[in-house]
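Participant: How does the following fold in three dimensions:
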Amino acid sequence: MSVLELRGVRKRFGDNDVLRGIDLTVDQHQVVAVIGASGSGKSTLMRVINLIERVDVGQVILTGEDITDPRVDADAVRARIGVVFQQFNLFPHLTALDNVTLAARKVHRWPGDEARRRGTALLEQFGLGDKLDAYPDRLSGGQQQRVAIVRAILTDPELLLLDEITSALDPQLVGEVLDVVRDLKASGATIVMATHEMAFARSVADSVVFMHQGRIHEQGTAEELFGSPRLPETQEFLARVTHR
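Facilitator: Residues are numbered from 1 along each chain as shown. Below is the predicted model:
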């Protein structure tokens with residue numbers, strides 16, 4: 001079953017064509033890694049899927065619904081999608097548990113006890129059981145990012161978007177966050193992740209998309225794309241990022 005489908009998606013900012021006809025299908029329980037150089041359109045792709053940016057041309061279909069229809073309630077759509085950005089975006093005046101449960105209580109209208117029970121269980125699952133009452137400035141970068149991931153998955157979203165979630169972390173903290181993504185894959189989450197972590201993408205992704213100059217230049221299984229890329233641009237990019 002298809003959770004996400006992009007059909008001929010184009011997005012321009014001024015004279016700059018950032019997305020130049022994107023076609024992409026993401027099936028249920030699939031992990032799709034989006035790779036490519038800075039400026040290739042990865043983050044704009046994420047923002048279009050989450051309706052932070054509106055497409056100029058094309059359609060974004062979420063579980064059968066055209067969410068690019070102007071009559072669609074964008075906030076209602078965003079409530080169905082979990083998003084984690086490279087910056088943690090935690091509220092500094094709220095504890096870890098309150099950060100995690102805020103949207104569940106205020107947007108999804110969960111009872112407070114239910115939200116706290118579910119939030120506590122997930123924070124414990126991801127090694128943060130002793131940080132429930134800690135404020136963000138008392139958490140490491142890796143801990144803050146794990147809190148952000150728990151916040152995104154608390155309400156069981158249909159789709160999870162991970163946009164360079166390790167880019168702001170010190171190298172020694174990257175592994176603990178990527179371990180959480182492995183757990184999410186094992187639990188059956190449907191994930192689209194933009195990443196510079198090539199070894200991780202190769203080991204975890206079901207499908208890898210290489211973006212180049214606003215287009216999906218090449219796509220295949222992780223083994224196909226990393227093991228035997230067909231196009232010279234893909235070969236050049238992978239040679240550059242895997243041999244540093």
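Participant: Against residue 80, how distant is residue 103?
Facilitator: 12 Å (CB to CB, to the nearest Å). Where C-beta positions appear, they are placed from N, C-alpha and C, glycine not excepted.
Participant: ok, now residue 67?
Facilitator: In terms of CB to CB, residue 67 sits 9 Å off from residue 80.
Participant: ok, the two, which is more surrounded?
Facilitator: residue 67 (22 against 15; other CB atoms under 10 Å).
Participant: Contact partners for that one?
Facilitator: 51, 60-61, 74, 77 (CB atoms under 8 Å, 6 or more residues apart in numbering).
Participant: make it 7 Å
Facilitator: Counting by CB atoms under 7 Å, 6 or more residues apart in numbering, residue 67 touches 51, 60, 77.
Participant: tell me which element residue 58 falls in.
Facilitator: Assigned by DSSP states H and E, residue 58 belongs to strand 57-62.
Participant: For that strand, buried residues please.
Facilitator: 58, 60-62 (16 or more other CB atoms under 10 Å).
Participant: residues in contact with it?
Facilitator: Residues contacting strand 57-62 (CB under 7 Å, 6+ apart): 4-10, 48-49, 66-68, 77, 80, 158-159.
Participant: are any of those buried, and which?
Facilitator: 4-7, 9-10, 48-49, 67-68, 77, 158-159.
Participant: And the next helix or strand past the longest helix anywhere in the chain?
Facilitator: The residue-count maximum for a helix in the chain (DSSP state H) belongs to helix 171-186. For helix 171-186, the succeeding helix or strand toward the C-terminus, using DSSP H and E, is strand 191-194.
Participant: then the helix or strand following that following strand to PDB, C-alphas only?
Facilitator: As assigned by DSSP H and E, the chain's next helix or strand after strand 191-194 is helix 198-204. Extracted in PDB, the C-alpha atoms of helix 198-204 (Å, rounded to 0.1, in the frame of the first residue of the first chain):
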ATOM      1  CA  MET A 198      25.900   7.000   3.700                       C
ATOM      2  CA  ALA A 199      26.800   3.900   5.600                       C
ATOM      3  CA  PHE A 200      23.600   4.200   7.600                       C
ATOM      4  CA  ALA A 201      21.500   4.700   4.500                       C
ATOM      5  CA  ARG A 202      23.100   1.700   2.900                       C
ATOM      6  CA  SER A 203      22.400  -0.500   5.900                       C
ATOM      7  CA  VAL A 204      18.900   0.600   6.800                       C
END
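Participant: Thanks again, I'm all set now.
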